[in-house]
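[1] Pasting the sequence and the predicted model now:
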Amino acid sequence: MRYKRVAAVAAAATLTLGLSACGGDSDDAGTGAGNKDFAAGSTMERLNTAQKIKVGTKFDQPGFGQKGLSGKPEGFDVEIAKLIVKELGIPEDKIEYVETPSKVREDVIVNGTVDLVAATYTINDKRKERIAFAGPYYEAGQNIMVRKDEAAITGPDSFSDGTKKVCSVTGSTPAEEIKKYVKDVATQLVLFDTYDKCRDALKGKQVDAVTTDNVILLGYIAKDEASFKMAGDNFTKEPYGIGVKKEDTDFRDFINDTLDKAFEDGSWKKAWDETAGKFGATLGDPPAVNRY
Amino acid sequence: MNVLIDKFDVFAGGFWLTLQICFLAAIGALILGAVVAVLRISPVPPLRAVGTTYVNIFRNLPLTVVLFFAAFGLPALGSNADFLRIPGLESIFSRLGTDLPYFRFGLIALVLYTAAFVCEALRSGVNAVPAGQAEAARSLGLTFGQNLRHVVLPQSWKASVVPLGSVIIAMIKNSALVGFFGVVGDLSQTADQLTSAGGYPFIPVAIGISVGYLIMTVPLGALLDRIEKRQAVAR
Amino acid sequence: MSQQSSVLYDIPGPRQRRVTLISSLVAVVVVLAGAYLFIYRPLADKGQFSMELWGPLVDPSNENFPLVWDRIGLGLKNTLVAAALAIVSSLVVGTLLAVLRIQLKSLARRRFTGTAAPLAYLLRGLSWVLAVVTRVCVEVFRGLPVVITIFFVARGFPEFGASFDNLWYLVIGLTVYNSVVIAEILRSGMEGLPGGQAEAAAAIGLSPFQTTGLILLPQAFRIMLPALISQLVVVLKDTSLGFIISYEETLNIGKQIIGVLGNPIQVYVVIAVLFIAINYSLSKLAQYVQHRLSQGRKSAGTTTPTPPPAALTAQAEGAGGP
């Protein structure tokens, strides 16, 4: 697969050579074409020629995508996006980050507002109807965070008696998932637009639990270990992927190649250790990239 | 368009919840607004200062900020707004009595915010009463309270109706924000939920939600227009 | 305000002054005690006054202070940009809409004598339909919450292939709502003018369009200026709804800062103070303008026309947005 593409690239006229040479430190081999020329008409070529890219990520997700005081987003998702952008031969400072909260991620891809989305984006079949996923590059799982002194909540089944209240974010997968366990949605489920509000509500004892992917919760726990803890193990599998346009198979393959390369050369692990890894979550082995 | 029929109960539920919160908030805002209005025109300077400060603060804040303080400031003050769990009332408006305080928090924010505008509407009504009326009442020896109760308020009420109505309409529209502060199932949160998590097409959902709000606001607006026209003729 | 008060009660005598003084003192003590018991104490108990939480916002020597205020400055800039764009476009669209509605209304009343009968009927029907359409648009957009309008614009426009920056969604959403409100303010201002104005304009041979543009609109603007300025406050407050569509205005930036520093109450207090300061000065400006206008009228020696009731309504509509 990869070799076929390399051949195609080599065969393609190197019209963009002059432009792509501006791409900076791009001669590390890997995708094959040393000086980053891509098949004519491909998304990679378009982005490389334009020398800029729009990346959708979260701005409020500690460890994955959080806008710091410097005004730049930081986190694992951001680092992964940077790896891909580097492979495209675009300098880091030419990335324009767009905030993509959970509920708009499909829309911004379909509408072309962004070129790719890396935003704790769980791969699932329903989303695949509208967009395509490269990756996964990480496998998270839904979990529950409670106050340190909480003993009654041990897992999702603890919500079935109708008394414990749980918080999540409007339009997110965890919110839909937890509905299966909750007895009365109206009085037990609280939905905010960000997880930060859920965390504050948990601390203020307005809710008894916050549920979402374990890594997000770990970020909160790492910041405030005196207040929060996990309740039980992950009860779902949430493989995080990179969202791209549905029909753009070339770009998807390119990102998958890039991810495979990052798994091998250690840049994937390095990105993790510098960001979400600081919260104490284990990284494990690289997930197998799913090329469909 | 199917979503309008398939999910009719969701739209209806959202409408019902929004109606509940608007009804309760309107009552609260009218009462609090009247109190603040009396404070603002009272003879005791510190009370006047309290009233003025109140109006200046809440009229100049975005409701979003007020909602934030209600939803997160109140818990920090150690309150779950349990005083709103009024027996009897909570059996009709079931969300008032639940352990989830966000309905109550949303209510408090709407009441606090709207009361400032209610106060101004009432005051504009009082201002519309010719000064001679109050002066005549004073020359008869009526006190401040008697003056208000027997002379000024009965007349100012008429001039206040239309501005008050506009304030209530604005409040109904403002209630759309509570869906972003933890109230699950009102009209605006329903819109969000159906389009983003439910994956339903956007246009029909938008129509359904719009109709829900317009049912509440447009007839009220038409009624106000009529009252306004009749008053204009009477004048 | 002070005039109003003195109308309602007599100038206090010595006894009344004593009562007032005592009740003032009691009121002050009650308010302060309440604030201490119910606000200060619980907050202090939870350590909300610690320098760790306040430092980045108020202590210039704190390492995060310049960063935080850089961000807040950016947020304020974005808020003001969005508000300025929204108010300008609302004014333009609103004025056009008001003129359109007035013109359509008079057109719909015209009989089009002098044209052939079928054509006259067609023209009458057409202007009637247009009048109804604009009326419906006004009612719909006036009746929808701004949040919902902004949300719909941001989600709906890309659906039809029109994709812009978040700033423009916010501006369009605010314009849709506020231009309708402004149109109504101006329309009621024009309709509230004495009928003699339009009649005199017609008598000296001005066309309906000239009448509106030269006679009615300038007067309506003048009468309604305070209401228009309060609408500006509304727009400024409404820009805070940009957080729904991820526009980086003051509140959204505040949220990001909270995400890093974990001091929500403190950041929101600062933002609240900023908003109150800006909006309060705008309201004061509105009052000043109103004052100037009423003075101007007196010196011109004309009688002060009572503003139509809609002026009050319009001001109450100031609650139009959060």
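    Structure's in. What do you need?

[2] Going by C-alpha atoms from here, please, whenever you check contacts or count neighbours.
    Will do.

[3] For the chain, just list every one of the helices.
    All of this refers to chain A. Taking DSSP state H as the criterion, chain A carries its helices at A:2-11, A:17-20, A:43-50, A:76-87, A:105-111, A:125-128, A:173-178, A:185-188, A:195-203, A:214-223, A:249-265, A:267-274.

[4] You answered for a different chain; I wanted chain B.
    Using DSSP H, the helices of chain B run over residues B:2-6, B:8-41, B:45-60, B:63-68, B:74-76, B:89-92, B:94-97, B:102-128, B:131-139, B:144-146, B:153-174, B:187-192, B:202-234.

[5] how about JSON lines for those, with mean neighbour count, distance to chain A and mean pLDDT added?
    Supplementary listing: those in JSON lines, determined by neighbours: other CA atoms under 10 Å in any protein chain shown; distance: least, CA to the nearest CA, whole Å; pLDDT from 0 to 100:
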{"stretch": "helix B:2-6", "mean neighbour count": "13", "distance to chain A": "17", "mean pLDDT": "75"}
{"stretch": "helix B:8-41", "mean neighbour count": "20", "distance to chain A": "11", "mean pLDDT": "89"}
{"stretch": "helix B:45-60", "mean neighbour count": "20", "distance to chain A": "23", "mean pLDDT": "88"}
{"stretch": "helix B:63-68", "mean neighbour count": "23", "distance to chain A": "10", "mean pLDDT": "90"}
{"stretch": "helix B:74-76", "mean neighbour count": "20", "distance to chain A": "6", "mean pLDDT": "79"}
{"stretch": "helix B:89-92", "mean neighbour count": "12", "distance to chain A": "14", "mean pLDDT": "74"}
{"stretch": "helix B:94-97", "mean neighbour count": "20", "distance to chain A": "8", "mean pLDDT": "72"}
{"stretch": "helix B:102-128", "mean neighbour count": "26", "distance to chain A": "8", "mean pLDDT": "90"}
{"stretch": "helix B:131-139", "mean neighbour count": "16", "distance to chain A": "50", "mean pLDDT": "85"}
{"stretch": "helix B:144-146", "mean neighbour count": "16", "distance to chain A": "43", "mean pLDDT": "82"}
{"stretch": "helix B:153-174", "mean neighbour count": "23", "distance to chain A": "17", "mean pLDDT": "87"}
{"stretch": "helix B:187-192", "mean neighbour count": "26", "distance to chain A": "7", "mean pLDDT": "80"}
{"stretch": "helix B:202-234", "mean neighbour count": "17", "distance to chain A": "11", "mean pLDDT": "85"}
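
[6] Comparing the helices of chain A, which yields the minimum mean pLDDT?
    Among those, helix A:17-20 carries the lowest mean pLDDT, at a mean of 40.

[7] Write out the residues of the stretch 151-292 of chain A neighbouring chain B.
    Taking CA under 8 Å from any CA of the partner chain as the criterion, the neighbours of chain B within the stretch 151-292 of chain A are A:165, A:170-173, A:176, A:186-193, A:200-201, A:204-207.

[8] now the stretch 1-150 of chain A
    Residues of the stretch 1-150 of chain A found near chain B (CA under 8 Å from any CA) are A:103-104.

[9] CA atoms only for the top strand by length along chain A - export them in PDB, please.
    For chain A, the strand that runs over the most residues, judged by DSSP state E, is strand A:131-140. The C-alpha coordinates for strand A:131-140 follow below in PDB (Å, rounded to 0.1, in the frame of the first residue of the first chain):
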ATOM      1  CA  ILE A 131     -16.800  11.100   8.500                       C
ATOM      2  CA  ALA A 132     -13.800   8.800   8.400                       C
ATOM      3  CA  PHE A 133     -11.300   8.000  11.100                       C
ATOM      4  CA  ALA A 134      -7.600   7.400  10.900                       C
ATOM      5  CA  GLY A 135      -6.000   5.700  13.900                       C
ATOM      6  CA  PRO A 136      -6.800   4.900  16.600                       C
ATOM      7  CA  TYR A 137      -3.800   6.400  18.300                       C
ATOM      8  CA  TYR A 138      -5.000   5.800  21.900                       C
ATOM      9  CA  GLU A 139      -7.500   3.500  23.500                       C
ATOM     10  CA  ALA A 140      -9.300   5.100  26.400                       C
END
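
[10] could you give me the average pLDDT of that strand?
    Confidence for strand A:131-140, expressed as mean pLDDT, is 87.

[11] so what strands line up beside it?
    Partner strands for strand A:131-140, per DSSP bridges, with pairing direction: strand A:238-245 (antiparallel).

[12] For A:Lys148, see how far away the residue nearest to B:Gly165 when sequence neighbours are not counted is.
    Take B:Gly165 and drop its neighbours on the chain: the residue closest to it by CA to CA, 6 or more residues apart in numbering or on different chains is B:Leu224, 6.6 Å away. With distances defined as CA to CA, to the nearest Å, the gap from B:Leu224 to A:Lys148 amounts to 54 Å.

[13] What of C:Asp238?
    In this view, C:Asp238 and A:Lys148 are 39 Å apart by CA to CA.

[14] The two - which one has more neighbours?
    C:Asp238 (24 against 15; other CA atoms under 10 Å in any protein chain shown).

[15] list the buried ones in the strand or helix carrying that one?
    C:Asp238 belongs to helix C:217-238 when assigned by DSSP states H and E. Judged by neighbour count using 16 or more other CA atoms under 10 Å in any protein chain shown, the buried positions of helix C:217-238 are C:217, C:219-238.

[16] If you count contacts, what does that helix end up packed against?
    helix C:65-109, helix C:166-191, helix C:264-299, helix C:309-316 (3 or more CA pairs under 8 Å, 6 or more residues apart in numbering or on different chains; DSSP states H and E).

[17] Now do it against helix B:45-60: the angle between them, please.
    Here helix C:217-238 runs at an angle of 90 degrees relative to helix B:45-60 (axes from the mean of the first three to the mean of the last three CA atoms, to 10 degrees).

[18] Tell me what angle helix C:217-238 forms with helix C:166-191.
    Regarding helix C:217-238 and helix C:166-191, their directions subtend 140 degrees when assessed with the same axes, to 10 degrees.

[19] can you give me the angle helix C:217-238 makes with helix C:65-109?
    The directions of helix C:217-238 and helix C:65-109 differ by 140 degrees, with the same axes, to 10 degrees as the criterion.

[20] Please could you give me each C-alpha atom of helix C:217-238, formatted as PDB?
    Once side chains and other backbone atoms are set aside, the C-alpha atoms of helix C:217-238 remain, and they are given as PDB (Å, rounded to 0.1, in the frame of the first residue of the first chain):
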ATOM      1  CA  LEU C 217     -36.300  59.100  10.300                       C
ATOM      2  CA  PRO C 218     -34.100  61.900  11.700                       C
ATOM      3  CA  GLN C 219     -36.700  62.800  14.300                       C
ATOM      4  CA  ALA C 220     -37.300  59.100  15.200                       C
ATOM      5  CA  PHE C 221     -33.600  58.700  15.700                       C
ATOM      6  CA  ARG C 222     -33.500  61.700  17.900                       C
ATOM      7  CA  ILE C 223     -36.400  60.600  20.100                       C
ATOM      8  CA  MET C 224     -35.200  57.000  20.300                       C
ATOM      9  CA  LEU C 225     -31.500  57.700  20.800                       C
ATOM     10  CA  PRO C 226     -31.600  56.700  24.500                       C
ATOM     11  CA  ALA C 227     -33.400  53.500  23.600                       C
ATOM     12  CA  LEU C 228     -30.900  52.800  20.900                       C
ATOM     13  CA  ILE C 229     -28.000  53.200  23.300                       C
ATOM     14  CA  SER C 230     -29.600  50.800  25.800                       C
ATOM     15  CA  GLN C 231     -29.900  48.400  22.900                       C
ATOM     16  CA  LEU C 232     -26.100  48.800  22.500                       C
ATOM     17  CA  VAL C 233     -25.700  47.600  26.100                       C
ATOM     18  CA  VAL C 234     -27.900  44.600  25.300                       C
ATOM     19  CA  VAL C 235     -25.700  43.800  22.300                       C
ATOM     20  CA  LEU C 236     -22.500  44.000  24.300                       C
ATOM     21  CA  LYS C 237     -24.000  41.700  26.900                       C
ATOM     22  CA  ASP C 238     -25.200  39.300  24.200                       C
END
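
[21] Many thanks, have a good one.
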